[in-house]
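Novice: next input, structure requested:
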Amino acid sequence: MTRFCNAWGPKAFLRPNYHELVVESLPVETLIESLFERSRIEDTNDLPNGSIAQIRWIKPIEKRQPNQKYAHVILSMNDRATANKLILNQVIVGGKALQVRKNKPDPRRCAKCNVFGHIAEQCKAEHNSCARCAGRHRTSICTATSKQMQCANCKVMGHGAASRECPFFLRKLKEKVQWEPERGYELFVT
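Specialist: Numbers count the residues shown, from 1 in each chain. The predicted structure is shown next:
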């Protein structure tokens, strides 16, 4: 594999194929960064040693609410069978059984223009487009009420660009399932 990567140049690397799970409502005081905690989760749940490749909070710690007690994490598993075991049986962390589901990321939506398919860093739009009212300003400074919401994508009043009920979002989600058939299953195909 090293020879293969070297043939592509110095910046090439091989990315591991992890199987990502979402664990809901983990107490925020859990020290997920600790190798000891990762090992304890494996032992408590009768998982093979090293089966959890990574654990990370979905929302960065600095963006949490001041009194937040729970948050969701991504568990990156090294194999599909172990990931499926957790989906079917829950995961026990700190004596609590927590729900686990397969991570199915939404289609990418730009935080600047709100168009699907790219991120703000790659955006070529001249102006911002508000995710709440579709106006030409940043969403963070929007003063629109819920009655003034308008989608920047489908242009319909009553919902913002981040709405999971938006017909445009639902179409993009359907396209993603067509391109990633495994996404349609609750478990990983083994």
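
Novice: how much space is there between Cys142 and Asn49?
Specialist: 49 Å (Cβ to Cβ, to the nearest Å). Yep, even glycine has a C-beta here, placed from its N, CA and C like the rest.

Novice: could you pull out the helices for the protein?
Specialist: Applying DSSP state H to the chain gives helices spanning 2-8, 35-44, 80-89, 167-179.

Novice: tell me which of those lies nearest to Phe188.
Specialist: Closest of the helices of the chain to Phe188 is helix 80-89, at 3.9 Å (criterion: Cβ to Cβ).

Novice: packing partners for the closest one?
Specialist: strand 19-27, strand 70-77, strand 100-102 (3 or more Cβ pairs under 8 Å, 6 or more residues apart in numbering; DSSP states H and E).

Novice: now do 7 Å
Specialist: strand 19-27, strand 100-102 (3 or more Cβ pairs under 7 Å, 6 or more residues apart in numbering; DSSP states H and E).

Novice: returning to what we had before: more neighbours, Cys142 and Asn49?
Specialist: Comparing Cys142 with Asn49 by neighbour count (other Cβ atoms under 10 Å), the higher total belongs to Cys142, at 17 against 9.

Novice: let me see the contact set for that one.
Specialist: Cys142 makes contact with Cys130, Arg132, Cys133 under the criterion Cβ atoms under 7 Å, 6 or more residues apart in numbering.

Novice: how about Thr139?
Specialist: By Cβ under 7 Å, 6+ apart, the neighbours of Thr139 are Cys130, Ala131, Arg132.

Novice: per-residue pLDDT, the spatially most central residue of the chain?
Specialist: By Cα atoms, centre = their mean, the chain has its centre lying nearest to Pro105, at 4.8 Å. For Pro105, the pLDDT comes out at 86.
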